[in-house]
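K.L.:
Everything below, folded, please.
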Amino acid sequence: MGGIGKIIIFIGFLFIIFGIIFLLFEKIHLPKMPFDIYIKKDNFQLFFPIGTSLIVSLILTIILNILIIIFKK
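P.N.:
The predicted structure follows:
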């Protein structure tokens, strides 16, 4: 049971860190990446960040794989 508690605490810290990051970078707009869809008409706006999502997913995958390797030892 101790392992589950450590995992829950770790996930809680991740939520706190991500919350702080979102609060700090709320006003900063990411640059438009290739494959980002942006449609603007009279009273309609659509932004679908496919390229940004792919890059963020790749970075998070690398970080999580490094953490898994570190914590397995």
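K.L.:
C-alpha only now, for contacts and for neighbours.
P.N.:
Will do.
K.L.:
what helix or strand does the residue nearest to the spatial centre of the chain sit in?
P.N.:
Centroid-nearest residue in the chain, with C-alpha atoms, centre = their mean: residue 56, separated by 5.8 Å. In this assignment (DSSP states H and E), residue 56 forms part of helix 50-72.
K.L.:
Then residue 46?
P.N.:
Element membership for residue 46 (DSSP H and E) is strand 45-49.
K.L.:
Return the list of helices and strands in contact with the helix holding residue 56.
P.N.:
strand 36-40 (3 or more C-alpha pairs under 8 Å, 6 or more residues apart in numbering; DSSP states H and E).
K.L.:
list the buried ones in the strand it packs on?
P.N.:
Residues of strand 36-40 include none that count as buried (16 or more other C-alpha atoms under 10 Å).
K.L.:
So which residues make contact with that strand?
P.N.:
45-52 (C-alpha atoms under 8 Å, 6 or more residues apart in numbering).
K.L.:
filter those residues to the buried ones?
P.N.:
Those of the contacts of strand 36-40 that meet the buried threshold are 49, 52, by 16+ other C-alpha under 10 Å.
K.L.:
Reformat the contacts of strand 36-40 as TSV; add distance to residue 17 and pLDDT.
P.N.:
Formatted as TSV, the contacts of strand 36-40 follow (distance: C-alpha to C-alpha, whole Å; pLDDT from 0 to 100):
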residue	distance to residue 17	pLDDT
45	30	88
46	29	87
47	26	82
48	25	83
49	23	82
50	24	86
51	24	83
52	20	79
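K.L.:
Kindly state the pLDDT recorded for the residue sitting furthest away from the middle of the chain?
P.N.:
When each C-alpha in the chain is compared with the mean C-alpha position (C-alpha atoms, centre = their mean), residue 42 comes out farthest, at 31.1 Å. Looking at residue 42, its pLDDT stands at 89.
K.L.:
Now it: which helix or strand?
P.N.:
Using DSSP H and E, no helix or strand contains residue 42.
K.L.:
This completes my enquiry, with thanks.
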